[in-house]
Each structure stands twice: as structure tokens, then as C-alpha cells.
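A.B. asks: Mind folding the following:
(one chain, ligands or ions: 1)
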Amino acid sequence: MNFHTRKWIKPEDLNPNGSLFGGTLLRWIDEEAVIYAIVQLGNPKVVTKYISEINFVSSAQQGDIIEMGIEATNFGRTSITMRCEVRNKITRKTILSIDKLVFVNLDEDGTPVPHHKTEITYAYMGIEKTGK
Ligand SMILES: CC(=O)SCCNC(=O)CCNC(=O)[C@H](O)C(C)(C)COP(=O)(O)OP(=O)(O)OC[C@H]1O[C@@H](n2cnc3c(N)ncnc32)[C@H](O)[C@@H]1OP(=O)(O)O
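C.D. replies: This is a model prediction of the structure:
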């Protein structure tokens, strides 16, 4: 699993109890995962379809640095499935893990369309721009 993105936890990322707000972290993960899917499928029109159980194992505090890891686990016909792990670089603890995030490849009209990908791409292949 590659941990591409790091975040420095700032005051605006906290909940009223002073730790990292879960909703903020989920927003970061959704964006990280959709970017991963866009790059893997070579199509900017990809949507979040399904996210499995989210296990918040430990927290992060202001000033901590966290890193987000995403890995493709399955290439379907129109979908891609990934898993996610977020770690705290200061405490070295896992913050959360998500076993299954499913994203769907769409055509210009928003209909699921086959992506014809079967394995993880490491080289940047270029992303087709859709739209009229
Ligand atoms: C990044 C973002 O913020 S996107 C914003 C949030 N997401 C959205 O708004 C998406 C809203 N949802 C939709 O528009 C529709 O549900 C669509 C277009 C994504 C999919 O429509 P569906 O009628 O479910 O399509 P369809 O039945 O063809 O399934 C498409 C793929 O999703 C998979 N899928 C559908 N439902 C599920 C599910 N509950 N869990 C896992 N995978 C699923 C299917 O197996 C299929 O994958 P495959 O082709 O690789 O086998």
C-alpha cells in the first residue's frame, strides 16, 4: 500500500473535544480514494458507490501528522474496489482502516461503463477529459 498524502492536523480539523473530527477525515479519504480511482481508470468521471465499515482505532491531535494509504483490491467491470488505512506518524498508531471502498466508472451521461482495467497502474497514463 502506498501512503501518498500527508496532513498536518490544524485547529479547523478538530472536533469540540480537541481531537481530529471524523467527518473531516472521511472527506479527505473520499477525495484521496477518488483521485486514486481516477488515475487507475484514466477517467475523471468516477463516483463513490459504497464504503464498508469504518473502524476508528485511535485519534489524532492538533500538530500531529497523519498519512493516508489506498490500495486497489479488485477491478470489476465498471467498478474498482480499494482498501484504506490511515496512520498517525507521530504516535505510529493506526487511526482507521476501511476494508472496502467501491468507485464506479461513468460515461458522460452518468451511466456505469466498463473501464477495461485489470491491474494496478504505476505509470501515469493520462486522463481523458469527458464533456462536450
Ligand atoms: C467522489 C464523490 O464524491 S461522488 C458523490 C457520491 N456518489 C454518488 O453520488 C453516486 C450516486 N450513485 C449513482 O449515481 C449510481 O448508484 C451509480 C451510477 C454509481 C451506479 O448505479 P447502479 O445502478 O448501482 O449501477 P450498476 O448496478 O450497473 O453497478 C455498477 C457497479 O457498482 C457495483 N455496485 C453496485 N452496488 C454496489 C454495492 N452496494 N456495493 C458494492 N458494489 C456495488 C456493481 O457491482 C457494479 O460493478 P461491476 O460493473 O464492476 O460489477
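
A.B. asks: For the residue of the chain found nearest the ligand, grab the count of nearby residues.
C.D. replies: Closest residue of the chain to the ligand, CB to the nearest ligand atom: G76 (2.1 Å). (Each C-beta comes from the backbone N, C-alpha and C, glycine too.) Number of residues near G76 (other CB atoms under 10 Å) recorded here: 15.

A.B. asks: what's the answer for T48, then?
C.D. replies: Every residue meeting other CB under 10 Å relative to T48 is counted, giving 14.

A.B. asks: In terms of pLDDT, where does the residue of the chain closest to the ligand sit?
C.D. replies: In this model, G76 is scored at 98, pLDDT.

A.B. asks: Same question for N2.
C.D. replies: 86.

A.B. asks: Quick one: neighbours of E128, just the number.
C.D. replies: E128 has 10 neighbours, counted by other CB under 10 Å.

A.B. asks: let me fix that: E12
C.D. replies: Quick note: E12 (other CB under 10 Å) scores 8 neighbours.

A.B. asks: What of I98?
C.D. replies: 19.

A.B. asks: All the strands of this structure, residue numbers only.
C.D. replies: 2-8, 46-51, 54-56, 65-75, 79-88, 94-105 (DSSP state E).
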